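*Asks:* I would like the atomic coordinates for the input below:
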Amino acid sequence: MFKKLDAAALVDTEEELKKRYIASVCDLHLTYARRRNTPESSTRLQQWLHSTFQKDAFAWCMVHAKCVRVPASQVEIMAMTKISRQSISEMVKHCLAEGWIEVFCDDTFIDKSQAKHCKGTLKYCAGFELMQLAYKFVERHIKTTEDTFMNKNWDDLMAIRRVRSLER
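*Replies:* Predicted coordinates:
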């Protein structure tokens, strides 16, 4: 019923599909790099988070914390981003002052003015403006990738991997 597939041909095909997918990922990252380096009509938040890789990573960490509904402490942010405690502390201070992140005492939302009175662990997640920026990013990402081969290349790569797994 099924003809035995040539294992070497499957490996070669998978390698070619990997290269196509990598090229698609490169195209996507280059699109984002161009967007990062074009400051026209950027908000203060966008300019701030695009200014360094660490700030960008910190912002994604805050968005993640909001999306999974688990605010993150500075220690947890450090673990997720591999950014120093001092840098995290400075980013937290800046973002709290700007209103870009929310603060919690343990798991209870508090006003930023009450943070110094917290007897538990201060935790943080994205505020409204940062989340709006994340939503806009997702919409741009969908539009950017829907007209590329990125999704098709991913589907092709996963299909060949499923076929190869049947051969084992």
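*Asks:* confidence-wise, which helix or strand of the protein is lowest on average?
*Replies:* The helix or strand of the chain with the poorest confidence is helix 150-167; it has a mean of 75 (mean pLDDT, DSSP states H and E).
*Asks:* residue ranges in the chain under the pLDDT threshold?
*Replies:* Where the chain drops to pLDDT under 70, the residues are 1-5, 39, 147-150, 167-168.
*Asks:* for Leu49, see how far away the one residue sitting closest to the centre of it is.
*Replies:* In the chain, the C-alpha nearest the mean C-alpha coordinate belongs to Trp60, at 5.1 Å (Cα atoms, centre = their mean). Trp60 is 9 Å from Leu49, where distance means Cβ to Cβ, to the nearest Å. No exception for glycine: its C-beta is placed from N, CA and C like everyone else's.
*Asks:* what's the neighbour count on Asp156?
*Replies:* 18 (other Cβ atoms under 10 Å).
*Asks:* show the backbone phi and psi for the closest residue to it other than its chain neighbours.
*Replies:* Closest residue in space to Asp156, ignoring its immediate chain neighbours: Leu17 at 5.1 Å, by Cβ to Cβ, 6 or more residues apart in numbering. Note on Leu17: backbone dihedrals following degrees, to the nearest 10 are phi -70, psi -40.
*Asks:* which residues touch Leu17?
*Replies:* Asn153, Asp156, Leu157, Ile160 (Cβ atoms under 8 Å, 6 or more residues apart in numbering).
*Asks:* between Trp60 and Leu49, which contacts overlap?
*Replies:* By Cβ under 8 Å, 6+ apart, no residue touches both Trp60 and Leu49.
*Asks:* for Val163, see how far away Leu157 is.
*Replies:* 11 Å.
*Asks:* the more surrounded of those two?
*Replies:* More crowded of Leu157 and Val163, by other Cβ under 10 Å: Leu157, with 19 against 13.
*Asks:* you'd agree the more buried one is up against Glu14?
*Replies:* Yes - using Cβ atoms under 8 Å, Leu157 is in contact with Glu14, at 7.1 Å.
*Asks:* okay, and the common contacts of those two?
*Replies:* With Cβ under 8 Å, 6+ apart, Leu157 and Glu14 have no common neighbours.
*Asks:* show me where the protein has its strands.
*Replies:* Using DSSP state E, the strands of the chain run over 72-73, 101-105, 108-110, 122-126.
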